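**Student:** whatever this is, show me its structure:
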Amino acid sequence: MFARRRKPPAPEMKALAEPMPAAPPEPEAAPEPVPEPCANVISDDARINGSILAVRDLEIAGIVRGDIECHGRVEIREGGEVHGHVIARELVIAGLVEGDVDVAGRLGIASTGRLHGDASARTVAIDEGAEVTGSCSMGLRAAAGRSAEPEALFLRKIMDDDDDPVMIGRTAIGA
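**Tutor:** Here you go, the predicted structure:
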């Protein structure tokens, strides 16, 4: 009546032939992209009298008395000055520009920026506090000057057999 029931024997546990794989390592965080340094820099202690022709980006923290033609981006830093005409693909002014500017793309004027001259660009962004004295033309035709082609403002690179720039010159404007 009160017979004790036996529990069935527990199934045998087999030892694992292979150890369990370790948890996969956590993926490493992707390194933050390091901004490429500007190709051409005019430091804050530099003074240049004469025109500048640049195929790549140009950063100005010093003073330039002369025209600038740049196939890339030009940034005039706070404290930097340009006294002359500026032609560029993109232009950011945080310092002073005394002269006209022709920009195929975006013209940005920071709150510390001062532009004393006429501007033509495809797009224009002016921060509050910026100083602009002169007229401003925006749009595709404005960026191209008198030509319907925006590239008419830019430098043309003449390449040698190894695709190295060997000479630069202006393209025709308003042809």
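
**Student:** C-alpha only now, for contacts and for neighbours.
**Tutor:** Noted.

**Student:** verify the stated contact: Glu131 with Leu115.
**Tutor:** Yes. Applying Cα atoms under 8 Å, one finds Glu131 in contact with Leu115, separated by 6.2 Å.

**Student:** look up phi and psi at Gly113.
**Tutor:** Gly113 adopts backbone torsions of phi -80, psi 150, taken as degrees, to the nearest 10.

**Student:** separation between it and Gly50?
**Tutor:** 22 Å (Cα to Cα, to the nearest Å).

**Student:** neighbour count: those two, which is higher?
**Tutor:** Gly113 (26 against 11; other Cα atoms under 10 Å).

**Student:** so who does that one touch?
**Tutor:** Contact analysis of Gly113 by Cα atoms under 8 Å, 6 or more residues apart in numbering lists 78, 93-96, 130-131.

**Student:** that one: what's its closest spatial neighbour, skipping adjacent residues?
**Tutor:** Ala94 (4.0 Å; Cα to Cα, 6 or more residues apart in numbering).

**Student:** show me what contacts that neighbour?
**Tutor:** Here Ala94 is in contact with 75-80, 109-114 (Cα under 8 Å, 6+ apart).

**Student:** which member of those residues is positioned nearest Arg56?
**Tutor:** Closest approach to Arg56 among the contacts of Ala94 (Cα to Cα): Glu75, at 11.8 Å.

**Student:** just checking: what are the partner strands of the one helix or strand the closest one maps to?
**Tutor:** Following DSSP states H and E, one finds Glu75 within strand 68-76. Sheet pairing for strand 68-76, assigned by DSSP bridges, gives strand 52-54 (parallel), strand 58-60 (parallel), strand 86-93 (parallel).

**Student:** what lies in contact with that strand?
**Tutor:** Under the criterion Cα under 8 Å, 6+ apart, residues 51-61, 82, 84-96, 154-155 lie in contact with strand 68-76.

**Student:** 7 Å instead, please
**Tutor:** Strand 68-76 is contacted by residues 51-61, 85-95, 154-155 when judged by Cα atoms under 7 Å, 6 or more residues apart in numbering.

**Student:** what sits against Leu96?
**Tutor:** Shown in contact with Leu96 (Cα under 7 Å, 6+ apart): 80-82, 113-115.
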